[in-house]
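>>> 3D model of this:
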Amino acid sequence: VQLVESGGGLVQPGGSLTLSCATSGFTFSRYIMSWYRQAPGKERELVTEITTTGGTTNYADSMKGRFTISRDNAKNTVSLQMNSLKPEDTGVYYCNARGGTFATRKNNYWGQGTQVTVSS
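So this is what the prediction gives:
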């Protein structure tokens with residue numbers, strides 16, 4: 001199983017970034033996909049998640065209207081479009097896959113993370 005994030009970097013406040021997570025080794029379409037972030041000195045927190053078919057998305061309150069999650073079940077990828085970035089969005093962003101069906105319900109996979117720094 002592999003989840004590989006990319007797209008992080010340094011961006012100025014108000015700017016945009018798109019993170020991508022390429023996955024392999026599991027049946028992607030059976031997993032709920034999420035993005036988490038961990039700011040320096042803080043616990044990892046849920047940013048957003050998307051259901052197996054992409055029909056439902058949820059966002060943390062502070063990300064609503066600025067971030068958009070999407071998935072491509074044909075390419076086994078999930079993306080996070082981040083707009084209007086703020087310094088408090090700085091952190092390591094992790095891709096997560098957790099089982100979304102009865103057969104996969106016990107599975108939970110993580111990527112290695114990608115750093116996002118919002119600073120002028």
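>>> switch to C-alpha atoms for all contacts and neighbour counts from now on
Noted.
>>> tell me the contacts of the residue nearest the centre of the chain?
By C-alpha atoms, centre = their mean, the chain has its centre lying nearest to Trp35, at 2.4 Å. Taking C-alpha atoms under 8 Å, 6 or more residues apart in numbering, we find Trp35 in contact with Leu46, Val47, Thr48, Glu49, Leu80, Tyr93, Tyr94, Cys95, Asn96.
>>> Would you double-check that Ser62 falls in a helix?
Yes: under DSSP: H, G, I helix; E, B strand; the rest coil, Ser62 falls within a helix.
>>> how many neighbours does it have?
Neighbours of Ser62 under the rule other C-alpha atoms under 10 Å: 11.
>>> Equivalent analysis for Ser16, please.
The local packing of Ser16 (other C-alpha under 10 Å) involves 16 other residues.
>>> Do I have it right that it meets Leu80?
No: look at Ser16 against Leu80 with C-alpha atoms under 8 Å: they stay out of range, at 10.5 Å.
>>> Look up which residues are beta-bridged to Met82.
Leu17, Phe67 (DSSP bridges).
>>> got any ranges where the chain has weak pLDDT?
Under the criterion pLDDT under 70, no range of the chain is flagged.
>>> Okay, strands next: where are they in it?
Applying DSSP state E to the chain gives strands spanning 2-6, 9-11, 17-24, 31-38, 45-50, 57-59, 67-72, 77-82, 91-99, 108-110, 114-118.
>>> Pull out the buried residues from the fourth one.
Using 16 or more other C-alpha atoms under 10 Å as the test for burial, strand 31-38 gives Tyr31, Ile32, Met33, Ser34, Trp35, Tyr36, Arg37, Gln38.
>>> Arg71: which of those is nearest?
Sorting the buried residues of strand 31-38 by how near they are to Arg71, with C-alpha to C-alpha, puts Met33 at the top with 8.2 Å.
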